[in-house]
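Engineer: Okay, predicted coordinates and the sequence, questions at the end:
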Amino acid sequence: YVSLSSLCQAPSEASSRHEYAPKLAQVPQNPESLHKDGEASASLQAFLQENGSEFDKAWVLYVAAGCPSKLKSALCAYMSKSPKKKDQRRAWTLFNEIAPKDRTDLDFKNIIKSQILSLPENRPQHLEEICQEAISTPFAQEIISLGLMHMMANRQWSKIISLWKKLLATRANERPPLDFFLDRFDRFHFPDYSLSRHLLAFTAHLISAGTVSAAANDFLRRLIERFISSDDMVISTPIPTLLELLHKCRPLSLPTTRHYFNLIQVFLQSEQRPELVKCILVYRYFRSRFPDERMHLTTIRAITQRVVKFKMTDSMLYFLDEEAHFDENKRPSMLSYNEAMSAFSRIGDVRTVQHLFDRFLADHGHPKFHGSVTPLLAVHARLGDVRETRRQFERIPTEFGLPVNTICWNILLLAYTTAKDLSGALSLFSEMRENKVPFNSYTFGTLMAIFAQRGDVEAIRQLLKEAQKSRVQITRPMIETAVQAYCKNGQLAHAEE
């Protein structure tokens with residue numbers, strides 16, 4: 001028995017006594033000795049409940065009490081709070097002395113915590129053994145997933161592979177499903193894009209090893225599956241890192257085509273331009289990786305629509321060609337053509353619009369809807385090329401057999417106003433009236449714009465009255481032309497009114 005007054009003795013002496021504790025326990029003890037041990041155990045138990053940090057004192061009390069089995073778990077929990085190597089060795093000894101059938105999930109968590117406290121000076125040494133001990137327990141999933149998470153964070157590749165090999169060798173009815181052990185591999189436990197960096201390092205390790213075991217390949221495959229199925233982790237990963245990961249996994253036949261399809265869909269779900277850029281890069285890498293693999297047309301068309309939305313004209317022709325490649329008739333749809341022509345028309349790219357329109361005619365014949373021909377009109381009208389706009393305008397009824405609607409007339413009117421040809425615009429406006437073309441707010445707004453540039457307030461007033469008489473809705477752009485005209489004439493009070 002060690003009295004409370006002698007607890008400051010060197011730990012080595014206590015450790016020496018602990019080494020022979022099992023032998024001493026075999027010696028018959030008299031009632032007085034048992035009573036003293038009981039008091040020592042009670043003192044140790046009370047001391048541990050204080051939840052302090054006097055680890056040497058706790059160990060001396062433990063030895064003094066005769067190394068009571070019932071307090072091994074509590075003392076292991078206490079020692080697990082210490083970052084000192086000596087106390088970590090003591091915690092490991094205590095954990096191993098707890099009978100396997102008596103270990104609780106807290107025992108496993110405490111010893112894992114003790115191992116992690118060795119960081120950053122030393123990597124944890126016994127995580128693999130702890131996880132193997134937990135395989136047959138009711139809390140295998142929780143403990144092993146925790147251990148795997150820490151081994152991945154510390155890049156202990158050989159230990160991970162050894163543990164995974166053990167799990168694969170364990171009967172399925174004697175352990176949880178393998179994917180359950182990866183439930184901590186998420187953005188919460190691996191913030192930012194740390195998991196993708198670990199995956200890169202793990203892949204590099206496997207390739208440098210030369211041969212990849214079945215266990216290593218299975219673990220990597222499941223982890224990539226989990227990574228790609230997590231939208232948050234994929235989106236938070238910088239595209240250079242993601243592409244590097246895809247490239248480095250190629251020698252291991254990973255990722256699969258299904259993984260690429262999932263990645264593309266993840267990026268397509270976002271409404272942000274940066275994610276669309278990632279989607280395009282992954283798509284193009286996939287096509288170079290699997291040139292003979294078929295891509296769904298719905299995916300290509302969805303990408304095309306996003307490309308049009310964000311005015312990414314550099315990629316439009318590529319995806320039109322992709323659609324033609326996978327379409328059974330080897331041609332893009334009329335809708336895809338219309339969207340692409342409209343996009344190039346808005347930026348005034350006459351050559352590309354004309355090229356696409358010629359392709360359209362070759363693939364689909366004469367336009368069946370005005371939406372297929374208006375981009376060709378508009379691209380010339382926006383540049384103020386009245387002659388070419390008029391030529392294309394006249395092709396609509398004569399060559400394509402379509403009636404000329406209000407939209408077509410308005411685009412031709414735009415060509416005159418853009419060219420600042422007032423007489424031509426007024427002449428066309430009269431021609432529209434003679435042909436009984438239904439006017440709309442765009443018709444009046446376009447014509448009013450040319451008068452606003454001249455500061456002709458009276459002409460704008462007359463047009464507003466005529467618009468009201470024709471029951472055309474007065475829109476904000478129409479009002480803005482009137483304000484512009486007043487401002488140009490210095491009539492600010494009227495403009496404000």
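Structural biologist: Cool, the structure landed.
Engineer: Which parts of the stretch 201-350 of the chain are helices?
Structural biologist: Under the criterion DSSP state H, counting those that start in this stretch, helices of the stretch 201-350 of the chain are mapped to 214-229, 231-236, 239-248, 257-269, 273-289, 297-309, 313-326, 334-346, 350-364.
Engineer: The stretch 51-200 of the chain too?
Structural biologist: Under DSSP H, counting those that start in this stretch, the stretch 51-200 of the chain gives helices at 55-64, 72-79, 85-97, 105-116, 127-134, 140-153, 157-169, 194-209.
Engineer: Redo those helices as JSON lines? Include mean pLDDT and mean neighbour count.
Structural biologist: Bear in mind the C-beta positions are built from the backbone N, C-alpha and C, glycine included. Converted to JSON lines, the helices of the stretch 51-200 of the chain look like this (pLDDT from 0 to 100; neighbours: other CB atoms under 10 Å):
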{"stretch": "helix 55-64", "mean pLDDT": "95", "mean neighbour count": "22"}
{"stretch": "helix 72-79", "mean pLDDT": "96", "mean neighbour count": "23"}
{"stretch": "helix 85-97", "mean pLDDT": "96", "mean neighbour count": "19"}
{"stretch": "helix 105-116", "mean pLDDT": "96", "mean neighbour count": "21"}
{"stretch": "helix 127-134", "mean pLDDT": "97", "mean neighbour count": "22"}
{"stretch": "helix 140-153", "mean pLDDT": "97", "mean neighbour count": "22"}
{"stretch": "helix 157-169", "mean pLDDT": "97", "mean neighbour count": "19"}
{"stretch": "helix 194-209", "mean pLDDT": "95", "mean neighbour count": "17"}
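Engineer: May I see the ones you listed arranged in JSON lines, with distance to residue 312 as well?
Structural biologist: Below are the helices of the stretch 51-200 of the chain laid out as JSON lines (distance: least, CB to CB, whole Å):
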{"stretch": "helix 55-64", "distance to residue 312": "62"}
{"stretch": "helix 72-79", "distance to residue 312": "58"}
{"stretch": "helix 85-97", "distance to residue 312": "56"}
{"stretch": "helix 105-116", "distance to residue 312": "47"}
{"stretch": "helix 127-134", "distance to residue 312": "47"}
{"stretch": "helix 140-153", "distance to residue 312": "37"}
{"stretch": "helix 157-169", "distance to residue 312": "41"}
{"stretch": "helix 194-209", "distance to residue 312": "25"}
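Engineer: out of those helices, nearest to residue 342?
Structural biologist: Nearest to residue 342 among those is helix 194-209; the distance by CB to CB comes to 37.9 Å.
Engineer: thinking again about what came up before, any chance of CSV for the helices of the stretch 201-350 of the chain, columns mean neighbour count, mean pLDDT and distance to residue 127?
Structural biologist: Output for the helices of the stretch 201-350 of the chain, formatted as CSV (neighbours: other CB atoms under 10 Å; pLDDT from 0 to 100; distance: least, CB to CB, whole Å):
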stretch, mean neighbour count, mean pLDDT, distance to residue 127
helix 214-229, 19, 95, 15
helix 231-236, 17, 93, 23
helix 239-248, 16, 95, 25
helix 257-269, 17, 94, 29
helix 273-289, 17, 96, 34
helix 297-309, 18, 94, 42
helix 313-326, 17, 96, 47
helix 334-346, 21, 96, 54
helix 350-364, 17, 97, 60
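Engineer: Output those helices in CSV; the columns should cover distance to residue 54.
Structural biologist: Listed next are the helices of the stretch 201-350 of the chain as CSV, based on distance: least, CB to CB, whole Å:
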stretch, distance to residue 54
helix 214-229, 42
helix 231-236, 43
helix 239-248, 47
helix 257-269, 52
helix 273-289, 54
helix 297-309, 63
helix 313-326, 67
helix 334-346, 74
helix 350-364, 79
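Engineer: Figure out which of the ones you listed is closest to residue 381.
Structural biologist: Distance to residue 381, taken as CB to CB, is lowest for helix 334-346 among the helices of the stretch 201-350 of the chain, at 9.2 Å.
Engineer: Roughly how far does residue 117 sit from residue 81?
Structural biologist: Distance, residue 117 to residue 81, using CB to CB, to the nearest Å: 8 Å.
Engineer: again but with residue 426, I slipped
Structural biologist: 90 Å.
Engineer: Can you name the residues that contact residue 117?
Structural biologist: Residue 117 makes contact with 80, 81, 82, 83, 88 under the criterion CB atoms under 8 Å, 6 or more residues apart in numbering.
Engineer: Quick one: residues in contact with the one helix or strand residue 431 maps to.
Structural biologist: Using DSSP states H and E, residue 431 sits within helix 422-434. Identification of contacts with helix 422-434 by CB under 8 Å, 6+ apart yields 386, 409, 412, 413, 416, 417, 439, 443, 447, 450, 454.
Engineer: For the next helix or strand after that helix, give the mean pLDDT please.
Structural biologist: Next along the chain after helix 422-434, taking DSSP H and E as the criterion, comes helix 441-454. Within the predicted structure, the mean pLDDT of helix 441-454 is 92.
Engineer: hey, C-alpha coordinates of the very next helix or strand once past helix 441-454 in PDB?
Structural biologist: The helix or strand immediately downstream of helix 441-454 is helix 457-469, counting by DSSP H and E. Taking C-alpha atoms only, helix 457-469 is exported to PDB below (Å, rounded to 0.1, in the frame of the first residue of the first chain):
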ATOM      1  CA  VAL A 457     -40.200  65.600 -78.300                       C
ATOM      2  CA  GLU A 458     -43.200  66.400 -80.400                       C
ATOM      3  CA  ALA A 459     -42.700  63.300 -82.700                       C
ATOM      4  CA  ILE A 460     -42.400  61.100 -79.600                       C
ATOM      5  CA  ARG A 461     -45.600  62.500 -78.100                       C
ATOM      6  CA  GLN A 462     -47.400  61.700 -81.300                       C
ATOM      7  CA  LEU A 463     -46.100  58.200 -81.400                       C
ATOM      8  CA  LEU A 464     -47.200  57.700 -77.700                       C
ATOM      9  CA  LYS A 465     -50.600  58.900 -78.600                       C
ATOM     10  CA  GLU A 466     -50.800  56.600 -81.600                       C
ATOM     11  CA  ALA A 467     -49.600  53.700 -79.400                       C
ATOM     12  CA  GLN A 468     -52.400  54.400 -76.900                       C
ATOM     13  CA  LYS A 469     -54.900  54.600 -79.700                       C
END
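Engineer: how much does helix 457-469 deviate in direction from helix 422-434?
Structural biologist: Relative orientation of helix 457-469 versus helix 422-434 (axes from the mean of the first three to the mean of the last three CA atoms, to 10 degrees): 20 degrees.
Engineer: Would you mind confirming that residue 449 makes contact with residue 481?
Structural biologist: Yes. Counting by CB atoms under 8 Å, residue 449 touches residue 481, with 5.5 Å between them.
Engineer: any weak-confidence spans in the stretch 351-497 of the chain?
Structural biologist: Across the stretch 351-497 of the chain, the ranges flagged by pLDDT under 70 are 494-495.
Engineer: repeat that with 80
Structural biologist: Applying pLDDT under 80 to the stretch 351-497 of the chain flags residues 485-486, 488-497.
Engineer: Just want to check the distance between residue 252 and residue 414.
Structural biologist: For residue 252, the distance to residue 414 equals 58 Å [CB to CB].
Engineer: and what of residue 431?
Structural biologist: According to CB to CB, residue 431 and residue 414 sit 15 Å apart.
Engineer: now do residue 301
Structural biologist: With CB to CB as the criterion, residue 301 and residue 414 are 30 Å apart.
Engineer: can you pull the pLDDT of residue 29?
Structural biologist: Listed pLDDT for residue 29 reads 48.
Engineer: out of the helices of the stretch 201-350 of the chain, nearest to residue 493?
Structural biologist: That would be helix 334-346 among these, by CB to CB, at 37.2 Å.
Engineer: Give me the contact list for that closest one.
Structural biologist: Contacts to helix 334-346, defined as CB under 8 Å, 6+ apart, come from residues 301, 304-305, 308, 311, 313, 316-317, 320, 323, 332, 352-353, 356-357, 359-360, 363-364, 368-369, 371-372, 375-376, 378-379, 382.
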